[in-house]
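> need a 3D model of the sequence below.
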Amino acid sequence: MSSHQQQQQQLRRSLSRQPLAGRRSAAGSWQRYGHQLSAFVRHNCLTLRLLFDGQFSAAIMVLLLVGEFVLNIYIINRVKYTEIDWSTYVQQVECFVQNGTVNYEQIGGNTGPIVYPAGHLYSYSALYYLTNRGTDIRRCQYIFAAIYLLTLASVFRIYRRMDQMLPPYVFIVMCCTSYRIHSIYVLRLFNDTIAMLLLYIAINFFIDRKWTVGSIFYSLGVSVKMNILLFAPALLLLYIENNSLKNVAKNLGICAIIQLIIGLPFLASHPKAYLIRSFNLGRIFMHKWTVNWRFLPNHLFISPYFHLILLTLHLMTIVLFFKSRYIQCFKRIINVKKLTKTTAANVLTNNHILWTLFIANFIGIAYSRSLHYQFYVWYFHSLPFLLWSTPYSPKTKLCLLGLIEFSWNSYPSTSLSSGILHMVHLILLFGLWRNRSQYDIGSHNNNNTNNNTTKKKIK
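Numbers count the residues shown, from 1 in each chain. The predicted structure is shown next:
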């Protein structure tokens with residue numbers, strides 16, 4: 001090949017490269033512009049900041065409370081009230097306030113005998129008189145709307161006191177996906193709502209380290225419905241970790257005394273009937289109402305051996321999650337001198353308290369013998385905290401929340417909805433297990449001890 005031909009080939013190659021290089025430089029420029037635009041929108045667009053920036057959570061919570069106020073009024077006036085247990089509650093109250101019956105075996109209604117502690121009777125006795133002897137349903141709905149708003153305000157304050165705020169869109173999703181929750185409060189008038197309001201008020205006092213006042217509200221919640229006892233293993237742990245022996249005994253005594261005072265009229269006359277009816281751990285539920293065990297045949301669903309297996313798994317999981325902390329508490333109890341101090345309080349944060357309480361409750365729900373639709377309020381408002389305590393991505397967390405909502409909104413429940421609910425519970429439990437070391441007080445104490453030892457050596 002001559003030198004002239006070689007020069008022509010080199011010229012053609014250089015000309016063919018120029019458009020490609022131009023295209024590449026143009027693509028690179030557009031990519032840079034895209035990144036710059038997305039960064040600008042992410043940091044300066046108020047709408048997105050309102051959804052993702054934790055500093056706007058308080059403003060979003062206020063707006064949601066206002067929106068919920070309007071929404072509840074709309075639901076009460078536009079959606080038909082559904083009678084389920086209200087008439088039974090009224091009949092139970094009438095047995096107590098009109099007939100003077102204090103024998104729990106003789107107190108009942110259309111759907112069966114009373115199965116709740118005396119706090120339930122006192123609460124619905126007040127509602128009975130406030131609603132013209134239970135006949136003014138509309139007024140009662142407004143009262144339960146107020147209970148819902150107070151509950152939501154208490155829950156929002158709990159989330160505001162977290163060590164790290166959740167993004168505001170989480171609270172928007174929580175309120176916008178709560179179709180079943182609104183129904184339970186203002187269309188069904190269940191007593192679960194009153195018990196949970198008292199529980200969330202108690203938790204607010206616990207994270208303020210006001211253990212005595214918190215114990216009062218906690219015991220009041222137990223007096224309305226027994227499900228609040230699911231928090232008891234965690235609360236005992238927190239008592240020992242945060243209080244001296246004297247204060248532990250005082251708080252436990254407060255819980256016990258309140259139960260005795262509230263149940264006194266019934267305990268004084270028919271103690272056995274009251275204890276068996278109001279704290280009936282062996283109660284048999286109806287298979288047609290179960291949300292979580294629809295795929296089981298009825299004979300297995302009511303089997304006492306099946307119930308014993310669930311109870312064993314429940315206790316084992318509690319021990320697995322809190323094993324190291326229980327060991328630390330046991331050591332403190334043995335060494336009474338240590339119980340004069342609050343050693344764990346040095347590292348116990350608000351997130352530790354919330355994680356401990358919400359985990360214990362969730363484990364109890366996951367292994368529950370039966371979940372009815374109104375039981376959704378037992379853990380609905382704690383789900384954002386639990387999900388955002390796992391290592392999963394935000395999309396996965398939202399997907400799990402959506403599947404839980406699907407399961408609880410499937411009426412009647414099916415084998416599919418029950419199976420999905422158990423699957424999501426197991427995934428959530430596994431994610432919490434993977435992140436449990438962040439809330440292990442024992443490991444924190446060990447780390448602090450090691451750090452102090454290292455500092456002394458360095459000095």
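
> all strands for this structure, in order.
For the chain, the strands defined by DSSP state E occupy 108-109, 112-113.

> in its sheet, what does the last one sit against?
Translated: strand 112-113. strand 108-109 (antiparallel) (DSSP bridges).

> identify the residues contacting the strand it pairs with?
87, 88, 89, 90, 91, 92, 95, 114 (C-beta atoms under 8 Å, 6 or more residues apart in numbering). The C-beta positions use only the backbone N, C-alpha and C, and glycine is treated the same way.

> returning to what we had before: can I get the strands of the chain in a markdown table with mean pLDDT, distance to residue 399 and mean neighbour count?
Compiled in a markdown table, those are given as follows (pLDDT from 0 to 100; distance: least, C-beta to C-beta, whole Å; neighbours: other C-beta atoms under 10 Å):
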| stretch | mean pLDDT | distance to residue 399 | mean neighbour count |
| --- | --- | --- | --- |
| strand 108-109 | 90 | 41 | 18 |
| strand 112-113 | 82 | 39 | 12 |
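
> correct me if wrong: residue 280 contacts residue 115.
Yes: counting by C-beta atoms under 8 Å, residue 280 does reach residue 115; the two are 6.0 Å apart.

> give me the more crowded residue out of the two.
Each of residue 280 and residue 115 has its neighbours counted (other C-beta atoms under 10 Å); residue 115 has more, 18 against 13.

> so that one sits right up against residue 279, yeah?
No: Residue 115 is not in contact with residue 279 according to C-beta under 8 Å; the separation is 9.3 Å.

> which of the contacts of strand 108-109 are buried?
88, 89, 90, 91, 92, 95, 114 (16 or more other C-beta atoms under 10 Å).

> taking those together, which two end up most distant?
The distance between the two most remote of the buried ones among the contacts of strand 108-109 (C-beta to C-beta) is 12.1 Å, for 90 and 114.

> I'd like the contacts of strand 108-109 laid out as a markdown table, including distance to residue 268.
What follows is the contacts of strand 108-109, written out as a markdown table (distance: C-beta to C-beta, whole Å):
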| residue | distance to residue 268 |
| --- | --- |
| 87 | 29 |
| 88 | 25 |
| 89 | 24 |
| 90 | 25 |
| 91 | 23 |
| 92 | 19 |
| 95 | 17 |
| 114 | 17 |
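
> so how far is residue 316 from the closest residue to residue 400 other than its chain neighbours?
Closest residue in space to residue 400, ignoring its immediate chain neighbours: residue 424 at 5.2 Å, by C-beta to C-beta, 6 or more residues apart in numbering. Distance of residue 424 to residue 316, given as C-beta to C-beta, to the nearest Å: 21 Å.

> settle it for me: which of those two has more neighbours?
Taking other C-beta under 10 Å, residue 424 and residue 316 do not tie; residue 424 has more neighbours (20 against 12).

> separation between the more buried one and residue 87?
Plainly put, residue 424 is 34 Å away from residue 87 if you go by C-beta to C-beta.

> quick check: closest non-adjacent residue to the residue nearest the centre of the chain.
Computing the C-alpha centroid of the chain and ranking residues by C-alpha atoms, centre = their mean puts residue 382 first, at 2.3 Å. Once flanking residues are discounted, residue 382 sits nearest to residue 358: 4.3 Å by C-beta to C-beta, 6+ apart.

> ok, residue 268 next?
Nearest one to residue 268, counting by C-beta to C-beta, 6+ apart, is residue 102 at 7.9 Å.

> look at the one you found and say how many residues are nearby.
Neighbours around residue 102, by other C-beta under 10 Å: 19.

> wait, doesn't it sit right on residue 114?
No: look at residue 102 against residue 114 with C-beta under 8 Å: they stay out of range, at 11.6 Å.

> all helices of the stretch 351-459 of the chain, in order?
Under the criterion DSSP state H, counting those that start in this stretch, the stretch 351-459 of the chain carries helices at the ranges 383-387, 394-409, 415-434, 441-458.

> which of those helices has the lowest mean pLDDT?
Of all those, helix 441-458 carries the lowest average pLDDT, namely a mean of 44.

> ok, now how distant is the nearest residue to residue 218 once chain neighbours are set aside from residue 195?
Distances taken as C-beta to C-beta, 6+ apart place residue 202 nearest to residue 218, at 4.0 Å, with adjacent residues excluded. According to C-beta to C-beta, residue 202 and residue 195 sit 11 Å apart.

> what do you get for residue 372?
Taking C-beta to C-beta, one finds residue 372 at 14 Å from residue 195.

> those two: who's more crowded?
When residue 372 and residue 195 are compared for neighbours, residue 195 comes out ahead with 26 against 16, by other C-beta under 10 Å.

> need the contact list for the more buried one.
221, 222, 224, 225, 227, 228.

> if I look at it, how far off is residue 227?
As judged by C-beta to C-beta, residue 195 and residue 227 stand 7 Å apart.

> do residue 279 as well
11 Å.

> looking at the two, which one has more neighbours?
Neighbours were counted for residue 279 and for residue 227 using other C-beta under 10 Å; residue 227 has more, 21 against 16.

> tell me the pLDDT at the more buried one?
For residue 227, the pLDDT comes out at 95.

> neighbours of the nearest residue to it once chain neighbours are set aside, how many?
Spatially, and ignoring its direct neighbours in sequence, residue 227 is nearest to residue 378 (5.6 Å; C-beta to C-beta, 6+ apart). Neighbourhood size, residue 378 [other C-beta under 10 Å]: 22.

> didn't residue 378 look like it was pressed against residue 225?
No: Residue 378 is beyond contact range of residue 225, at 9.3 Å (criterion: C-beta under 8 Å).

> hey, what's in contact with both of the two?
Taking C-beta under 8 Å, 6+ apart as the contact rule, residue 378 and residue 225 both touch residue 192.
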